[in-house]
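**Q** need coordinates for the below:
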Amino acid sequence: MLQELIDKREKLKVLASAYACNPNPLGNMALYPGEAITGWNLVTQLSRFYRICVITMLQNRSSIENAKRNGKLQDVKFYYVDLQIWMRPLKWIEFGKRIYYYLWQRLARREARRLHKEFQFDVAHHVTFGNDWMPSFIGAYLQVPFIWGPVGGGQRTPKNFLKQYSFAGQLAEKSRGIAQWIGRNLLFSRRQCLKNAKAILVCNYETRAKIPEKYLHKVHLFPVNGISEDDLNNVFHKHNPNGNFTILTAGRLHRLKGVAIAVKAFNKFSQKYQNAILEIVGQGPEEAALRQLVEELDIRDKVRFVPWLPRNELVARMREADVFLFPSFRDGGGAVVVEAMASGIPVICIDTGGPGFHIQEEWGIKIEPKNPEYVVLEMARALERLYLDKNLRKGLGKAARKRAEEFYLWDKLGKRMQEIYEDVLKS
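**A** Next up is the predicted model:
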C-alpha cells in the first residue's frame with residue numbers, strides 16, 4: 001500500500017505540525033522569525049510533492065491567509081489551534097514560551113486525531129519547533145509513519161562563555177539545561193518519538209550527539225536554513241565604493257548572539273585599520289548595553305546601529321559588505337550565515353551549532369570557543385587577515401556562494417526531503 005502511494009507522490013497525504021510557520025514573521029512573530037520562515041519554506045517544499053494539511057498557531061493566520069490570497073500554497077490546508085487568550089502572555093516570557101508550546105501540542109494532538117479520521121494521513125511530519133528535547137505529541141501518539149525534524153537543541157552555550165551573561169541570563173541557561181535533561185531522560189513522549197520516527201533530521205552536530213546510539217541509523221543531517229533562486233540571481237558582491245572596509249553583523253540583539261564579542265573584536269581590529277566600519281543590524285534586549293559598550297570603547301563614529309530591515313534590504317547590505325561577523329554562542333541554525341554565503345562574502349563565526357555546521361575552511365573562518373578573550377583575539381586576527389588579503393577574501397566569498405548554490409537552495413532541500421521520504425517509507 002505505502003509503495004503504491006510513494007509511486008504516486010501527488011496522492012501521498014502528509015500531516016505537518018508547524019507551530020512556527022509564517023511567510024512574513026517580522027511584524028507579528030518577532031520572537032522566532034527564523035523558525036517561522038523555516039516552517040513556511042519546508043511546508044512549501046513538501047507541497048511540491050504531496051497533499052499537505054498543516055496544524056499551526058493561530059497567530060500565523062493573517063500572514064498565511066494573505067499569502068494564499070496572493071497565490072501561494074493555495075492547495076495546502078491550514079488548521080489553526082491556540083490556547084485560551086488568558087494564557088497567551090506566556091509566549092512573551094523567556095521560559096514561559098516553552099510551557100506554552102508544550103501545552104499547545106496537546107491541542108495539536110487532539111486536532112491531528114480529528115483530521116486523521118477525516119483524511120487518513122500516510123505520513124505525519126513534525127516541522128517546527130525544531131527541538132530534540134521537546135518532542136512532538138503527534139509523532140509520539142498518532143499511529144502513522146513519522147518524520148521528525150529538522151531539529152536542533154543539542155547546542156549549548158560553552159561553559160567559559162556563561163560569564164558573559166547577567167545573573168538572570170545565567171539562571172535562564174541553567175534552567176534550560178535542567179529542562180533539556182528532563183526532556184531527554186524522563187519524557188515518555190520523547191522516547192516514543194525516537195522509537196516511532198522513520199527518519200530524524202538534525203541541523204547540527206551537537207544535536208546528532210544527543211540522539212541515542214540505537215537510533216543513529218535514522219539520523220540525517222539537514223539544515224534549517226535555505227535560500228531561494230532570487231537570492232542568487234542578484235548582482236554578485238561588489239566592493240564598497242566609499243573605500244571603507246565594512247564588517248556586518250545581524251540578528252536579534254540577545255545575549256545568545258554574542259554581539260558584544262563582535263564589538264570587542266572590531267575595536268581591537270579598528271585601532272590598527274582606521275577605515276573599518278561595523279554595522280549592527282537588529283534590535284533586542286541587549287541594545288542598550290551594546291550602545292554603552294561602544295561609548296566606553298570610544299568607537300561611536302565607527303559603529304552603526306541599524307534597526308530591523310526587510311530581508312531583501314539586509315541581503316543588499318550583505319552584498320556591499322566585505323565580511324560577515326557572527327559570534328553567536330548557540331544558534332541551532334543561523335539563517336543570516338547562509339544568506340551571507342549566498343551574498344558572496346566570507347563569514348567569521350564561532351565553531352558551534354548551526355554556524356559551525358554551515359561554515360568550513362574553504363569558504364569561511366571558524367573560531368574555536370575556548371574562552372571569550374581567545375575568541376575576541378582570533379576574530380580580530382581573522383578580520384586583519386581578510387583585510388590584508390583581498391584575493392583570500394574574494395576566494396572565500398566565491399566558494400561560499402558556490403556552496404550556497406549547491407547545498408542550500410530551498411528547491412534542492414525539498415528534493416532531498418522527498419528522497420528521504422521515499423527511502424524511509426519504502427519498507
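**Q** what about the closest residue to residue 35 other than its chain neighbours, distance to residue 342?
**A** With Cβ to Cβ, 6 or more residues apart in numbering as the criterion, residue 35 has its nearest non-adjacent residue at 3.7 Å, and that residue is residue 20. Glycine gets a C-beta too; all of them are placed from N, C-alpha and C. Look at residue 20 and residue 342: by Cβ to Cβ, to the nearest Å, they are 22 Å apart.
**Q** residues contacting residue 198?
**A** 145-147, 218, 424-425 (Cβ atoms under 8 Å, 6 or more residues apart in numbering).
**Q** could you find the closest non-adjacent residue to residue 304?
**A** residue 279 (4.8 Å).
**Q** in a strand, the one you found, correct?
**A** Yes - using DSSP: H, G, I helix; E, B strand; the rest coil, the assignment for residue 279 is a strand.
**Q** wait, isn't residue 229 in contact with residue 408?
**A** No - Residue 229 is beyond contact range of residue 408, at 11.5 Å (criterion: Cβ atoms under 8 Å).
**Q** more neighbours, those two?
**A** Neighbours per residue (other Cβ atoms under 10 Å) separate residue 229 from residue 408, with residue 408 holding more: 22 against 10.
**Q** distance check, that one against residue 133.
**A** According to Cβ to Cβ, residue 408 and residue 133 sit 26 Å apart.
**Q** can you check residue 382 too?
**A** As for residue 382, its distance to residue 133 is 33 Å (criterion: Cβ to Cβ).
**Q** got it, and residue 97?
**A** Here residue 97 is placed at a distance of 15 Å from residue 133 (Cβ to Cβ).
**Q** more crowded one of the two?
**A** Remark: of residue 97 and residue 133, residue 133 carries more neighbours, 21 against 16, as counted by other Cβ under 10 Å.
**Q** and the residue lying closest to that one once chain neighbours are set aside, which helix or strand is it part of?
**A** Spatial nearest neighbour of residue 133, excluding adjacent residues (Cβ to Cβ, 6+ apart): residue 183 at 3.4 Å. Residue 183 belongs to helix 167-185 when assigned by DSSP states H and E.
**Q** pull the CA atoms of that helix into PDB?
**A** In PDB, the C-alpha atoms belonging to helix 167-185 read as follows (Å, rounded to 0.1, in the frame of the first residue of the first chain):
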ATOM      1  CA  PHE A 167      22.800  36.700  36.600                       C
ATOM      2  CA  ALA A 168      19.300  36.400  35.100                       C
ATOM      3  CA  GLY A 169      20.900  35.100  31.800                       C
ATOM      4  CA  GLN A 170      23.000  32.600  33.600                       C
ATOM      5  CA  LEU A 171      19.900  31.400  35.500                       C
ATOM      6  CA  ALA A 172      18.000  31.100  32.300                       C
ATOM      7  CA  GLU A 173      20.800  28.900  30.700                       C
ATOM      8  CA  LYS A 174      20.900  26.700  33.800                       C
ATOM      9  CA  SER A 175      17.200  26.300  33.700                       C
ATOM     10  CA  ARG A 176      17.300  25.400  30.100                       C
ATOM     11  CA  GLY A 177      20.000  22.800  30.900                       C
ATOM     12  CA  ILE A 178      17.700  21.200  33.500                       C
ATOM     13  CA  ALA A 179      14.700  21.200  31.200                       C
ATOM     14  CA  GLN A 180      16.900  19.600  28.500                       C
ATOM     15  CA  TRP A 181      17.900  16.800  30.900                       C
ATOM     16  CA  ILE A 182      14.300  16.200  31.900                       C
ATOM     17  CA  GLY A 183      13.100  16.200  28.300                       C
ATOM     18  CA  ARG A 184      15.800  13.700  27.100                       C
ATOM     19  CA  ASN A 185      15.700  11.400  30.100                       C
END
